[in-house]
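>>> Give the three-dimensional model of this entry:
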Amino acid sequence: MFPDLFSIGPLTVHTYGLFVALGFAAGIAITLKIGKDQGIPSQQVMDMAFVMILWAIVGSRLLYVVMNFSYFRDHPLDAFKIWQGGLVFSGGLLAVAPAMAWYLWRHHLSFWAAGDLWAPALALGQALGRIGCFMAGCCFGKATDLPWGVVFIHPHTLAPPNIPLHPTQLYSSLAGFAIFSVLIFLYARRRFQGQIFIWYLILHSTARLFVERFRADDRGFIPGTEMSLTQLIATMILISAIVALFILKPNRERKDR
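Alright, predicted model coming up:
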C-alpha cells in the first residue's frame, strides 16, 4: 500500500497518521452535532475530546509497546514514533475510561450519558483509523488463498511483503462503519442512559474477537494458552458489557421515566 503519502524535504506525511487524525476529527465533528441536538455546550465537548485523545494515544501506544516489548527493548526511541503505526485500540479504551470517569466526576457529569454521546464517534474514528493501518501494513492478517487476499509490496510496509494476506484492517474498518450506523440508529431510540455505550462495547468486542482469528501480527499470548492479550481484553469487555446491560436496563428505565 502507501505507508508514506508524500514528502516535502525532510518532512514525510505518513498515511497512518493522517487517517488517525481524520478519525479523531470526524469523531469530534459527529459528537459536536449530537451534543448540539442534546443541548450540550460545544466547549464541554471539546474539553472531553482533549482528555480522550490524550489518553487514547497514551493507552493504545503503551499496550502496543508492551505487546512488542522484545523489539522496543532494543529500540526504545521507536516507542514514540506513533505516526508510523502501532496503536492498540483496546489499550486506548482502557486508558480513556478512568480518565473520563475522573473528568466527569470532577465536573458533576453523568458517565453513562457521556458514554452514549461519544460511542458513535469511537466507532467512526476506529473505522477511519483502520484504513490508515491498511495503508501502513500494520495489524496485518494471516496468509490466505482467498480472492480478496492483499499483497503488500511497498518497501516500507509493516506487513510481510509479496504474500496474499487477509485484509484484517479492512475487516475492522467495515465493522467500525457498521457499528457506527447501528449506534446512530439506536441513539434516537435509546430508552436509558448508557444503552448506546454498552451496545458499542458489545458490538466492538464481538467484532474484535472475530477479526482476531485472522490476525497474524505478534500481539503476545497469555502464557499456557493460544489466546492473545487483545482477545483476553475483548472477552473481558464483552462479558462486562453484557452484565452491565442486564443490570442497568431495568434500573435506568425506572429512573428515566
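>>> show me the contacts for Glu212.
Residues near Glu212 by Cβ atoms under 8 Å, 6 or more residues apart in numbering: Ser228, Thr230, Gln231, Ala234. (Glycine included, C-beta is placed from N, CA and C.)
>>> what's the most distant pair in these?
Spatially, the most separated pair among the contacts of Glu212 is Ser228 and Ala234, at 9.2 Å (Cβ to Cβ).
>>> Between the two, tell me which one has more neighbours.
When Ser228 and Ala234 are compared for neighbours, Ala234 comes out ahead with 25 against 18, by other Cβ atoms under 10 Å.
>>> Isn't the more buried one up against Leu209?
Yes: if you go by Cβ atoms under 8 Å, Ala234 and Leu209 touch, sitting 5.2 Å apart.
>>> of all the contacts of Glu212, which comes closest to Val66?
Minimum distance to Val66 across the contacts of Glu212 is 11.2 Å, recorded for Thr230 (Cβ to Cβ).
>>> any idea how far Pro76 is from the closest one?
Remark: distance between Thr230 and Pro76 (Cβ to Cβ, to the nearest Å) = 23 Å.
>>> Isn't Phe72 up against Val65?
Yes: at 5.0 Å, Phe72 counts as touching Val65 under the criterion of Cβ under 8 Å.
>>> anything in contact with each of these two?
In contact with both Phe72 and Val65: Ala79, using Cβ under 8 Å, 6+ apart.
>>> So for the two, which sits in the more crowded spot?
Val65 (19 against 16).
>>> Just confirm the more buried one is within a helix.
Yes: assessed by DSSP: H, G, I helix; E, B strand; the rest coil, Val65 belongs to a helix.
>>> Quick check: it vs Leu87, distance?
From Val65 to Leu87 the distance is 10 Å (Cβ to Cβ).
>>> How about Pro161?
The value you get for Pro161 to Leu87, if Cβ to Cβ is used, is 22 Å.
>>> just Ala136 next, same as before
To Leu87, Ala136 is 11 Å away according to Cβ to Cβ.
>>> can you pull out the helices in the stretch 1-150 of the chain?
Secondary structure of the stretch 1-150 of the chain (DSSP state H, counting those that start in this stretch): helices at 15-37, 42-67, 69-72, 89-106, 111-136.
>>> so of the ones you listed, which one's packed in deepest?
helix 111-136 (a mean of 24; mean count of other Cβ atoms under 10 Å).
>>> one step back: is it possible to get JSON lines of the helices of the stretch 1-150 of the chain that adds distance to Val243?
Converted to JSON lines, those look like this (distance: least, Cβ to Cβ, whole Å):
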{"stretch": "helix 15-37", "distance to Val243": "26"}
{"stretch": "helix 42-67", "distance to Val243": "23"}
{"stretch": "helix 69-72", "distance to Val243": "32"}
{"stretch": "helix 89-106", "distance to Val243": "16"}
{"stretch": "helix 111-136", "distance to Val243": "15"}
